[in-house]
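> Make a model of this:
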Amino acid sequence: MAGRIEDYALIGDMQTAALVSRDGAVDWLCLPRFDSPAVFAGLLGTDEHGFWRIGPADVPPAPAAFPRVQQEAPSEFDTTGELSIPATALAPAVPADRRRYRGDSLILEQEWDTELGSVRVIDFMPPRHLTEGSGVPQMIRIVEGLNGRVRMRSALRMRFSYGRVVPWVHRLDEPDGSYRTVAVAGPDSVWLDGAAETYGRNLTTYSDFTVRAGERVAFALTWQASHLDAPDRPDAETALQATEDFWHGWVEQCTFSGHYREAVIRSLITLKALTYAPTGGIVAAPTTSLPEDIGGVRNWDYRYTWLRDAAITLSSLLRTGYREEARAWREWLLRAVAGDPENLQIMYGIAGERELGEMELDWLPGYEGSTPVRTGNGAADQLQLDVYGEVVEALYLAHMTGLARSDHAHLLQLKLIGYLEQHWTEPDEGIWEVRGPRRHFVHSKVMAWVAVDRTIKLLEGTQTEGPIERWRELREAIHADVCERGYDTERNTFTQYYGGKELDASLLLIPQVGFLPPDDKRVIGTIEAIQRDLLTEDGFVLRYPTHGEGGGNVDGLPGDEGAFLACSFWLADDLAMIGRVGEARDLFEKLLALRNDVGLLAEEWDPRRKRQVGNFPQAFSHVPLIDTALRLSATGAYQG
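Down below sits the predicted model:
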């Protein structure tokens, strides 16, 4: 079993990503893309499903506070002081004493102290445009001796197709005395390069070596299509410097300099890491099936581009100085939607693929028994009217921040409004992708209003021709419909859907998108109702009641879920907008405290277990973190 979700750190090359645990284990890595089958899937099962652990060999067994299913045998040494590995031993699963990212980068450093010395392991994936040759994916791990001498062990268990396929593995001894091991299965091959000798035992590839103060031993794992020639051996030190230079250069473009800059920068780096560089598509998260309810069925594949998530991500990037990402995403959008805006999907593959069929991987036991493990996402076929608003808002903001006009994007926007004009009165599945019946969700109608409103403003500001008068009437009609049918006058609050009594945290976006001013009594009433009915004991916000009217679930699923972090940030935003700035700052800083030690957030927070849950790291959590930090900075919320 894997560690806690928050025990992981992210590394990536903007085409795929790996999760590295505090014990030095890589338990998740899909190659060559975010949505490819995993070669390390231990995150959703056990070590039997693939991992790569590098750590000290002569350390105590893992403490109870850091459980993993397998407790490995301790290291054994012969009389010469060299390693002699028991046949059943893997690298000991012991958490690092310290870890951090190297400055403003995606280079992870973890350090262990042992009785014989201290050691650092540096993990990173160089962006592929920086690598020589064909630009294949590489993961590089550099072991650096800090003091004394530390005996190390690398244990590598490659399992293709999400842990199901055992590859053919063999070693090649290079003329220069280095070692190269290759694993092949079907269309995939993975090459391990390193200066330390490797050997196989129990379908696992081991390397045993000692590192002394000032010494560095590098390993590189490279994916290559199996029918091609062997990839070039990477230069680990050159790749490290190039990767560090890339990230520092990218961060220097950030225009935000407020009090929460450290949290904002780490979130921006995370969002950049979730961008698929070749196309501009942005994944919601690099993982699948990390549960929203541990042990339950709320397990989804997030390795795709949701229009909603990508649009709000672009909004945050634009407001912090990043236009190139907006240009690339706009081009991705035009390719994905093509000439068929009437059949707009809520999500696409990272290259614009439309077919995202959902299936279950029944050989994986799931994260802490949370099944089924899913790939693909059936929600791609849902109708969610709110995505029209998020897409149009992103296109409008791109224009307002100086992105060069695109006639194709402008035509797409007009076609989207034309579709909404005919269909905004229909029920849909809503922002939360419910698998229950369609309803007239208030948030969906509000975002339809946003789409029309921003298009009108764009036409007014650019003197572009269009049916402005007709669309002004449409804007007023949507507004009046929401205020009449989506508002409960007795309780002074908007509701989740027309005719319902339940609340929904997406209603917190009403003042943020300009549907009503923050001082409107209906806005304040909705905020206060959500505080009464949707707060957890920790003071964070649930999306909606999972057990609604009549005892059923509006989302059509069994079980519960944790507090939704994006919604909690939205509440902080609203509190600042209505003048309760101190309360907003306190909530925001409580949310910041939920980040793990390297600044990352999953989708939700489990108030019972006091743990992060859901796919990780989650763009939909890091985007509102940035937005709330910008708002609080603008209000002068931080004093001193």
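> going on from the lengthiest strand in the chain, what's the next piece of helix or strand?
When the chain is parsed with DSSP state E, its longest strand is strand 138-157. With elements assigned by DSSP states H and E, the helix or strand that comes after strand 138-157 is helix 160-163.
> For that next one, enumerate the helices and strands it packs against.
Secondary-structure packing of helix 160-163 (3 or more C-beta pairs under 8 Å, 6 or more residues apart in numbering; DSSP states H and E): strand 38-40, strand 179-185. Every C-beta, even on glycine, is put in place using the N, C-alpha and C of the backbone.
> So which bits of the next helix or strand after that helix are buried?
Counting by DSSP H and E, the next helix or strand C-terminal to helix 160-163 is strand 168-173. Judged by neighbour count using 16 or more other C-beta atoms under 10 Å, the buried positions of strand 168-173 are V169.
> In a markdown table, list the helices and strands packed on helix 160-163 along with mean neighbour count, mean pLDDT and distance to G249.
Below are these laid out as a markdown table (neighbours: other C-beta atoms under 10 Å; pLDDT from 0 to 100; distance: least, C-beta to C-beta, whole Å):
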| stretch | mean neighbour count | mean pLDDT | distance to G249 |
| --- | --- | --- | --- |
| strand 38-40 | 29 | 98 | 30 |
| strand 179-185 | 20 | 93 | 32 |
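> any chance of the ones you listed in JSON lines, plus distance to R308?
Shown next, in JSON lines, are the helices and strands packed on helix 160-163 (distance: least, C-beta to C-beta, whole Å):
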{"stretch": "strand 38-40", "distance to R308": "26"}
{"stretch": "strand 179-185", "distance to R308": "36"}
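> wait, which of those strands is closest to G103?
strand 38-40 (26.6 Å; C-beta to C-beta).
> and the closest one, which strands flank it?
Here strand 38-40 has these sheet partners by DSSP bridges: strand 25-30 (antiparallel).
> now the angle from the strand it pairs with to strand 138-157?
Going by axes from the mean of the first three to the mean of the last three C-alpha atoms, to 10 degrees, strand 25-30 is angled at 120 degrees with respect to strand 138-157.
> contacts for strand 25-30?
2-3, 8, 16-21, 36-44, 51-53, 91, 93, 123, 139, 286-287, 303 (C-beta atoms under 8 Å, 6 or more residues apart in numbering).
> Model confidence for T288, exactly?
On the pLDDT scale, T288 is placed at 98.
> show me the contacts for it.
Taking C-beta under 8 Å, 6+ apart as the test, what T288 contacts is L44, N299, W300, D301, Y302, R303, V373, R374, T375, N615.
> at 10 Å instead, please
By C-beta atoms under 10 Å, 6 or more residues apart in numbering, the contact set of T288 is 28, 30, 34-35, 38, 41, 43-44, 162, 299-304, 361, 364, 373-377, 615.
> just A263 next, same as before
Applying C-beta under 10 Å, 6+ apart, the residues contacting A263 are F588, E589, L591, L592, R595, G599, H622, L625, I626, T628, A629.
> Next one: A409 from K415, what distance?
For A409, the distance to K415 equals 11 Å [C-beta to C-beta, to the nearest Å].
> For Y206, which of the helices and strands packed on helix 160-163 is the nearest?
That would be strand 179-185 among the helices and strands packed on helix 160-163, by C-beta to C-beta, at 10.3 Å.
> so where's the stretch 201-350 of the chain shaky on pLDDT?
By pLDDT under 70, the stretch 201-350 of the chain has no low-scoring segment.
> Tell me where the stretch 401-550 of the chain is predicted with low confidence.
For the stretch 401-550 of the chain (pLDDT under 70), the answer is 547-550.
> ranges for the helices of it?
Ranges of helices in the stretch 401-550 of the chain, per DSSP state H, counting those that start in this stretch, are 407-423, 442-462, 468-485, 509-512, 521-533.
> Tabulate those helices (TSV), appending mean neighbour count and distance to A196.
Putting those into TSV (neighbours: other C-beta atoms under 10 Å; distance: least, C-beta to C-beta, whole Å) gives the following:
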stretch	mean neighbour count	distance to A196
helix 407-423	17	52
helix 442-462	22	55
helix 468-485	15	64
helix 509-512	20	53
helix 521-533	18	56
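> closest one to T279 among these?
That would be helix 407-423 among these, by C-beta to C-beta, at 15.9 Å.
> so how far is D340 from H410?
Distance, H410 to D340, using C-beta to C-beta: 17 Å.
> Equivalent analysis for V94, please.
V94 sits 54 Å away from D340, going by C-beta to C-beta.
> same deal with L630?
35 Å.
> Comparing those two, which shows the higher neighbour count?
A side-by-side neighbour count of L630 and D340, using other C-beta atoms under 10 Å, places L630 first with 18 against 11.
> So what's the residue count around R261?
By the criterion of other C-beta under 10 Å, R261 has 14 neighbours.
> how about it, what does it touch?
Counting by C-beta under 10 Å, 6+ apart, R261 makes contact with D104, C254, A629, S633.
> For those residues, which entry has the maximal number of neighbours?
A629 (27 neighbours).
> mind checking pLDDT for that one?
Note for A629: predicted pLDDT of 96.
> what phi and what psi does the backbone show at the residue nearest to it when sequence neighbours are not counted?
Leaving aside its chain neighbours, A629 sits nearest to Y260 (4.0 Å; criterion: C-beta to C-beta, 6 or more residues apart in numbering). In terms of degrees, to the nearest 10, the main-chain angles of Y260 are phi -90, psi 30.
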